[in-house]
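Q: Everything below, folded, please.
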Amino acid sequence: MTIGVVTFPGSLDDSDALRAVRIASGDAVSLWHGDADLRGVDAVVLPGGFSYGDYLRCGAIARFAPIMEPLIDAARGGMPILGICNGFQVLCEAHLLPGALVRNDHRKFVCRDQRLRIENASTAWTSSYEDGQEIVIPLKNGEGGFVADDATLDRLEGEGRVVARYLECNPNGSYRDIAGVANERGNVVGLMPHPEHAVETLTGPSTDGLGFFTSVLMSMAAA
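A: Predicted coordinates:
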């Protein structure tokens, strides 16, 4: 099973995501923002960073990168897509996920080990977990507050599309403590914290993030 990781100008967690895929026993493929196709991969990760310098809005320029056209088509066709941090912002800008990510409510960049609760373990990226399982993975963002209107938030809650929620503290002012959401089919997931930084005991703080990558490999194997 091959998982592509897109590099945009300004990406900084693409190498970590590629390594996480390999540790999970997947075949990692580097994809360039200017590529015209997805090179036959089975799933895609949009990594964290500051794509195109985060000018205009975070993810607003990356949404129009050449690779996004085939990626959007593939996502709508059911391909598993994971957006981490800046990648989450790109998915919202591309309207593959609802809502938006705005500047942290305290107006400061935050970097910490963050406790989360997995709210939906049935998506392509969370099936290795159990509903209600608590995990700890790193968080680092300056514009990580998830916002949406009440009707959208109610729909996400009612349809079980809140994938993960912040515990102990809300680090960025995200509405309803939401740390990650999914689309209707559960193949597209956006997550603000960084699971790719929690896949090895050497670097810690845990290996709790590895489940996102093993989940998609199992989902694709079962398809």
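
Q: Only C-alpha atoms from now on, for both contacts and neighbour counts.
A: Noted.

Q: Would you mind giving me the confidence score for Asn57?
A: I think there's a mix-up here, since residue 57 is Arg and not Asn. Arg57 carries a pLDDT value of 89.

Q: So what's the residue count around it?
A: The burial count assigned to Arg57 is 17, neighbours taken as other C-alpha atoms under 10 Å.

Q: repeat for the one 4 residues further on
A: Using other C-alpha under 10 Å, Ile61 is surrounded by 16 other residues.

Q: which non-adjacent residue is nearest it?
A: Nearest non-adjacent residue to Ile61, counting by C-alpha to C-alpha, 6 or more residues apart in numbering: Tyr52, 6.6 Å away.

Q: isn't there a helix covering that neighbour?
A: Yes - counting by DSSP: H, G, I helix; E, B strand; the rest coil, Tyr52 is found in a helix.

Q: Low-confidence stretches in this protein?
A: Residue ranges of the chain with pLDDT under 70: none are present.

Q: Just the helices from it, written as ranges.
A: 14-23, 68-76, 86-93, 150-158, 210-222 (DSSP state H).

Q: With respect to Lys140, which of the ones you listed lies nearest?
A: helix 86-93 (10.3 Å; C-alpha to C-alpha).

Q: Could you tell me which other helices and strands the closest one packs against?
A: Counting by 3 or more C-alpha pairs under 8 Å, 6 or more residues apart in numbering; DSSP states H and E, the packing neighbours recorded for helix 86-93 are strand 43-46, strand 81-84, strand 100-102, strand 188-191.

Q: what lines up beside the last one in the sheet?
A: Read that as strand 188-191. strand 81-84 (parallel), strand 178-182 (antiparallel) (DSSP bridges).

Q: closest one to Val199 among those?
A: strand 81-84 (14.6 Å).

Q: Now tell me what touches the closest one from outside.
A: With C-alpha atoms under 8 Å, 6 or more residues apart in numbering as the test, strand 81-84 has contacts from 43-48, 75, 88-91, 125, 187-194.

Q: can you pull the buried residues of stretch 103-120?
A: Arg103, Asn104, Val110, Asp113, Gln114, Arg115, Leu116, Arg117, Ile118, Glu119, Asn120 (16 or more other C-alpha atoms under 10 Å).

Q: got a list of what the second one touches?
A: Same thing as Asn104. Per C-alpha under 8 Å, 6+ apart, neighbours of Asn104: Asn141, Gly142, Glu143, Gly144, Gly145, Pro171, Asn172, Gly173.

Q: count of neighbours near the fifth one?
A: It stands for Gly145. Gly145, neighbours per other C-alpha under 10 Å, totals 22.

Q: count of neighbours near the closest residue in space to it that isn't next to it in sequence?
A: Nearest residue to Gly145, sequence neighbours excluded (C-alpha to C-alpha, 6+ apart): Ser174, at 4.1 Å. When neighbours are counted by other C-alpha under 10 Å, Ser174 registers 24.
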